[in-house]
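# Here you go, sequence then predicted model.
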Amino acid sequence: MISLPVLAEVTGQVAEATAAHAASVNPITELIRGFGINFGVNLPAIIGQIVNFCIVAFVLWKFAFKPVLATLDERQKKIADGLRYAEETKTRLDSAQQEIADTLKKAQIEAAAIIEQARKASKELAEREAAAATERAGGIITTAQQAIELEKQKMLAEARTEIARLVIATTQRVLSKELNDADRSRYNEAAARELTSA
Amino acid sequence: MSRVKKLILFLSLPLTGATVFAGEEHGLSKSAEALFNIGPLSVTNSILTSWIVSAVLILAVRFIVGRPQLVPSRGQAVVENFLDGVRNVTAPVVGPKVARYTFPLLIGFFSYILIQNWSSLFPGVGTVMFKHSGGEESGWVPFVRAGNADLNGTLALATVGIVAWLYFILRYAGPKLILKDIFGNKATKGEVHAVMYYSLFVVFFVIGFIELVSMMIRPISLSLRLYGNAFGGEYVIHTMSGITRWGLPIPFYFLEFLVGLIQALVFTLLISVYIGLICNHGDDHHKEDHAGDKEKAAR
């Protein structure tokens, strides 16, 4: 019931529109005119809105979106660089570790060789030193024996001289007479001979 | 008129197809109402709203972003995701060749239309009235009206879109490719019979004219689609609020929230598609050709 007046209005407007359309000469002009009347379309308003949109789009782009996108791109680049760097570092680390392992292995081999060489050298040295020491000891013993012998001879000579002197002194006391040089020499020689033979 | 009768009337309107006329009964006219004049420009409530919303949009985005940092603030992260999202949606459509150049326009369209659409959901838009006297439209008139609920606004957007489309296709595709794309034979010589192939030249030439007409209709379809949705949404909320202010309009606010987003995306994507149809087309063919050559070479 309620929609009836509305429907009547619709029918009326449609009829009016049809009549207007029939009467119009140029349908496109009529369409534009219709837009103007029904929807308030007018050129200044359109131009105004175009300018408005262009300003908004420009300002947003220039002062907000462009810097943000630049930051976004920069960050993506940094992340990509960071990842690449991490990858490079990992590769470098791997190679470094490999290098370290190689170097260690080489060093171990070298160290073993050096130790072996040193051991050999020290053994040789020890043997050589021992031989030299033995030789030196032999020399020292010989020298000592010679010195002892000399000392012994010297001591014996001194002893003989002393004994001879004692013999003479004793003889002088026993005989209670002063021996002359000839007697002294004879007793000396006799004592020396006796001692030597003894 | 009782509320129940109003509801019945409202529900019967889509059936009778008389929705637009009933809008007038509720005081929501199809055109925006003039507030004051600046020279030849009659500033309507819709234009004023779009100015205010534009200023708020610029200030809000600037405030949210601040000075962009490499380690983003929350606001910057939101804007970044928004930009990246729109770029990921539009870039494959327009093609890699022009994506960089079209993005400033497309993001402008999306953000502007989105915020203008959503502006109708704010309290006060369409409800703060002033007494308009004189002229044909005397009576209570809304002081603020969503920017896209005025055909002038959407026509302006469509005009910018079409002019930009013309610029991009002329700049990055060239007249030769455009003419070939519109009137040229799309059939591949090897795949159809020779007679068929040459007769298809005539067919595609005629189709080219139909295509031209469809291209000329684009600004109308773009602007009317957006206007229809924005105005329709406002109208629905207006009517629902007229029936009862409590509760009933709420679901429609959610609906309009969704419609606003979808329409912004539709408008942006359609412009992208129009650009991509000409600019992206050629690259694909080249790629396909190269791929075909490679396949042949492989065989």
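That came through fine.
# now the strands: where do they sit in chain B?
Along chain B, the segments classed as strands by DSSP state E run B:34-38, B:41-44, B:129-132, B:139-142.
# What is the subsequent helix or strand relative to the helix or strand of chain A with the lowest mean pLDDT?
Least confident helix or strand of chain A, by mean pLDDT, DSSP states H and E, is helix A:3-23 with a mean of 50. Where DSSP states H and E defines the elements, the next helix or strand beyond helix A:3-23 is helix A:27-39.
# check whether that following helix contacts chain B.
Yes. Using C-beta under 8 Å from any C-beta of the partner chain, helix A:27-39 reaches chain B at A:35, A:38-39. Backbone N, C-alpha and C define where each C-beta goes, glycine included.
# From residue A:159, how far off is residue A:148?
15 Å (C-beta to C-beta, to the nearest Å).
# oh, I was asking about residue A:189
Counting by C-beta to C-beta, the gap from residue A:189 to residue A:159 is 16 Å.
# And residue A:180, by the same measure?
Taking C-beta to C-beta, one finds residue A:180 at 25 Å from residue A:159.
# who are the neighbours in contact with residue A:69?
Contact analysis of residue A:69 by C-beta atoms under 8 Å, 6 or more residues apart in numbering or on different chains lists residue B:83.
# Tell me where chain A is predicted with low confidence.
A:1-25, A:198 (pLDDT under 70).
# and it, what are its domains?
A:1-41, A:154-197 (automatic domain parsing).
# so can I have JSON lines of these showing distance to residue A:98 and mean neighbour count?
Below are the domains of chain A laid out as JSON lines (distance: least, C-beta to C-beta, whole Å; neighbours: other C-beta atoms under 10 Å in any protein chain shown):
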{"stretch": "domain A:1-41", "distance to residue A:98": "77", "mean neighbour count": "13"}
{"stretch": "domain A:154-197", "distance to residue A:98": "80", "mean neighbour count": "13"}
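# for chain A, what are the nearby residues on the stretch 101-250 of chain B?
So the stretch 101-250 of chain B meets chain A at B:104-105, B:107-109, B:111-112, B:147, B:150-153, B:155-157, B:159-160, B:227 (C-beta under 8 Å from any C-beta).
# which one of the domains of chain A lies closest to residue B:219?
domain A:1-41 (12.2 Å; C-beta to C-beta).
# now residue A:112: how far from chain B?
Using C-beta to the nearest C-beta, to the nearest Å, residue A:112 is found at 54 Å from chain B.
# how many other residues sit next to that residue?
Residue A:112: 10 surrounding residues under other C-beta atoms under 10 Å in any protein chain shown.
# Distance of it relative to residue A:106?
11 Å.
# Now for the closest residue to chain A within the stretch 101-250 of chain B: which residues touch it?
Nearest to chain A in the stretch 101-250 of chain B, going by C-beta to the nearest C-beta, is residue B:108, at a distance of 2.9 Å. For residue B:108, the contact set (C-beta under 8 Å, 6+ apart) comprises A:53, A:56-58, A:60-61.
# Strands of chain A, residue ranges please.
Taking DSSP E as the criterion, chain A carries no strands.
# longest helix anywhere in it?
For chain A, the longest helix by residue count, based on DSSP state H, is helix A:66-175.
# so how far is it from its chain's centroid?
28 Å (C-alpha atoms, centre = their mean, to the nearest Å).
# Go ahead and flag the most central residue of chain B.
Nearest to the mean C-alpha position of chain B, by C-alpha atoms, centre = their mean, lies residue B:267 at 2.8 Å.
# which ones are touching that residue?
B:109-110, B:113, B:157, B:161, B:222, B:225-226.
# If any of these are buried, put those into a ChimeraX selection.
A single ChimeraX command selects the buried members of the contacts of residue B:267 (16 or more other C-beta atoms under 10 Å in any protein chain shown):
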select /B:109,110,113,157,161,222,225,226
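# what's the farthest-apart pair in the contacts of residue B:267?
Taking C-beta to C-beta, no two of these sit farther apart than B:110 and B:225, at 15.2 Å.
# overlap between the contacts of residue B:108 and the residues near chain B?
Answer for those near chain B (C-beta under 8 Å from any C-beta): A:53, A:56-58, A:60-61.
# Now which of these would you call buried?
By 16+ other C-beta under 10 Å, these give A:53, A:56-57, A:60-61 as buried.
# Out of the residues you listed, which comes closest to residue A:99?
Of those, the one sitting nearest to residue A:99 (C-beta to C-beta) turns out to be residue A:61, at 52.3 Å.
# how far away is the residue lying closest to the closest one once chain neighbours are set aside from residue B:246?
In this structure, residue A:61 finds its nearest non-sequential neighbour in residue B:104, 4.4 Å apart by C-beta to C-beta, 6 or more residues apart in numbering or on different chains. Distance of residue B:104 to residue B:246, given as C-beta to C-beta: 44 Å.
# neighbour-wise, which of the two wins?
Between residue B:104 and residue B:246, residue B:104 has the larger neighbour count (other C-beta under 10 Å), namely 18 against 7.
# can I assume that one is in contact with residue A:56?
No. Contact criterion C-beta atoms under 8 Å: residue B:104 and residue A:56 do not qualify, at 11.9 Å.
# Point out where the stretch 101-250 of chain B drops to low pLDDT.
In the stretch 101-250 of chain B, residues with pLDDT under 70: B:124, B:126-144.
# switch to 80 and redo it
Low-confidence segments of the stretch 101-250 of chain B, defined by pLDDT under 80: B:122-149, B:186-192, B:245.
# Please, where are all the helices along it?
B:151-172, B:175-183, B:194-243, B:250-298 (DSSP state H, counting those that start in this stretch).
# most tightly surrounded among those helices?
helix B:151-172 (a mean of 22; mean count of other C-beta atoms under 10 Å in any protein chain shown).
# between it and helix B:175-183, how big is the angle?
On the basis of axes from the mean of the first three to the mean of the last three C-alpha atoms, to 10 degrees, helix B:151-172 is oriented at 120 degrees to helix B:175-183.
# who does helix B:151-172 touch, helix- and strand-wise?
helix A:27-39, helix A:43-60, helix B:45-65, helix B:99-119, helix B:194-243, helix B:250-298 (3 or more C-beta pairs under 8 Å, 6 or more residues apart in numbering or on different chains; DSSP states H and E).
# repeat that with 7 Å
helix A:43-60, helix B:99-119, helix B:194-243, helix B:250-298 (3 or more C-beta pairs under 7 Å, 6 or more residues apart in numbering or on different chains; DSSP states H and E).
# How about residues contacting that helix?
A:35, A:39-42, A:45-46, A:49-50, A:53-54, B:46, B:50, B:97-98, B:101-102, B:105, B:109, B:113, B:147-148, B:178, B:218-219, B:222-223, B:226-227, B:271, B:274-275, B:278-279 (C-beta atoms under 7 Å, 6 or more residues apart in numbering or on different chains).
# What of stretch B:95-106?
A:57, A:61, B:86-87, B:90-91, B:94, B:164, B:168, B:172, B:268, B:271-272, B:275-276, B:279-280, B:283.
# Now that stretch: buried residues?
B:95, B:98-99, B:102-106.
# Then stretch A:88-98?
Buried, per 16+ other C-beta under 10 Å, within stretch A:88-98: nothing.
# related to what we said a few turns ago, which among the contacts of residue B:267 gets closest to residue A:121?
So of the contacts of residue B:267, ranked by how close each gets to residue A:121 (C-beta to C-beta), first place is residue B:110, at 85.9 Å.
# List the residues that contact that closest one.
Residue B:110 neighbours (C-beta under 7 Å, 6+ apart): B:86, B:264-265, B:268.
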